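Colleague: Here you go, sequence then predicted model.
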Amino acid sequence: MVYSYYPGCTLKTKAKDLDMYARKSAEALGITLEEIPEWQCCGGVYPQAQDEIATKLSSVRTLNSAKEAGHDLVTVCSACHHVLKRVNDDMANNEYIRTRANNYMELEEPYAGETKILHYLELLRDVVGFDELKKKVVNPLTGKKIAAYYGCLLLRPSGVMGMDDPENPSILEDFIKALGATPVVYPFRNECCGGYVTMQDPSLAQKKSNKVLGSAEAQGAEMVITACPLCMYNLKHNGTEHDLPVVYFTELLAEALGVK
């Protein structure tokens, strides 16, 4: 199985190990990830303004590259996934944005949202299958109590993202079970950690991060996993009132598959 792959800026700079874990794990599962050539930053934040076209163009270029390659597009970072998925929805359903974006681009044919985008977790759930993933585990994480942290970008807006129930998700908990560990469900697993205000208002980011980790700790969690590099960084550096390890899901996957 071959997929186009968009690692995003963080996993190519400050978090290269997380990218490596994703690639090695995919190989172990019989999946080939072909990195999009000469991809550009998605911007990290989806621009809400209807007339904000230029900042969407790097995402359109990436999406069109996957279309031309004839592959679905896989992302690993929740922020990148969020931006690409929403821009793709614009290109499919918003004629105003689609027309203006295509007028900027020098494409062989206009792009109209043809590419299917999968978060790596969806690849594991919907393509590999969590039952099959369980069979591939060589180092089961038996006995570990792990809390899944979704954050605010992975699931919302639910009508566009379409990955899971935004209020009561299960994809990360099912992933944890497939690796042999015990998922811990806690109240703040899909609340914002304050990552986007950490520079503007550090005290608020600290308050929100500590609330997330405190909620997980109160339910007996021994570790927290996330699918967003920004969330991971923020929880680690601002959630200092709690001593819970915060780990990226690809690292845990690589450990369980024996490729870390």
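Modeller: Yep, that arrived. Numbering: from 1, shown residues only.
Colleague: dump the residue contacts of the nearest residue to C231 once chain neighbours are set aside.
Modeller: Nearest residue to C231, sequence neighbours excluded (CB to CB, 6 or more residues apart in numbering): G151, at 4.6 Å. (C-beta placed from N, C-alpha, C; glycine too.) Each residue near G151 by CB atoms under 8 Å, 6 or more residues apart in numbering is listed here: 78, 190, 192-193, 195, 226-228, 231.
Colleague: make it 7 Å
Modeller: For G151, the contacting residues are 78, 190, 192-193, 226, 228, 231, by CB atoms under 7 Å, 6 or more residues apart in numbering.
Colleague: what sits against Y96?
Modeller: The neighbourhood of Y96, defined by CB under 7 Å, 6+ apart, consists of Q50.
Colleague: Now do the same for it: its pLDDT.
Modeller: Looking at Y96, its pLDDT reads 96.
Colleague: Now do it against E106, distance only.
Modeller: Note on Y96: its distance to E106, by CB to CB, to the nearest Å, is 20 Å.
Colleague: quick one on the thing from earlier: and the residue nearest to C231, what pLDDT?
Modeller: G151 is assigned 95 on the pLDDT scale.
Colleague: And E191, by the same measure?
Modeller: 94.
Colleague: on that earlier part again, so the residue nearest to C231, which state does it fall into?
Modeller: coil (DSSP: H, G, I helix; E, B strand; the rest coil).
Colleague: ok, and the closest residue to P110 other than its chain neighbours, which helix or strand is that part of?
Modeller: Nearest residue to P110 in three dimensions, chain neighbours excluded: N102, at 4.3 Å (CB to CB, 6+ apart). Element membership for N102 (DSSP states H and E) is helix 95-104.
Colleague: can you list the domains in this protein?
Modeller: 2-120, 130-257 (automatic domain parsing).
Colleague: Please enumerate the strands of the stretch 51-200 of the chain.
Modeller: Remark: strands assigned in the stretch 51-200 of the chain by DSSP state E, counting those that start in this stretch are 73-75, 117-119, 145-149, 182-184.
Colleague: can I get these in CSV with mean neighbour count?
Modeller: Listed next are the strands of the stretch 51-200 of the chain as CSV, based on neighbours: other CB atoms under 10 Å:
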stretch, mean neighbour count
strand 73-75, 26
strand 117-119, 23
strand 145-149, 24
strand 182-184, 20
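Colleague: nearest to V87, of those?
Modeller: Minimum separation from V87 across the strands of the stretch 51-200 of the chain (CB to CB) falls at strand 117-119, 9.7 Å.
Colleague: what helices or strands is that closest one leaning on?
Modeller: Under the contact definition 3 or more CB pairs under 7 Å, 6 or more residues apart in numbering; DSSP states H and E, strand 117-119 sits against strand 73-75, helix 78-93.
Colleague: tell me the most buried of these?
Modeller: Ranked by mean neighbour count, these are led by strand 73-75 with a mean of 26 (mean count of other CB atoms under 10 Å).
Colleague: counting contacts, what elements does that one pack onto?
Modeller: Strand 73-75 packs on strand 2-6, strand 117-119, going by 3+ CB pairs under 7 Å, 6+ apart.
Colleague: Take those and lay them out in TSV including distance to V128 and mean pLDDT.
Modeller: Output for these, formatted as TSV (distance: least, CB to CB, whole Å; pLDDT from 0 to 100):
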stretch	distance to V128	mean pLDDT
strand 2-6	12	98
strand 117-119	11	98
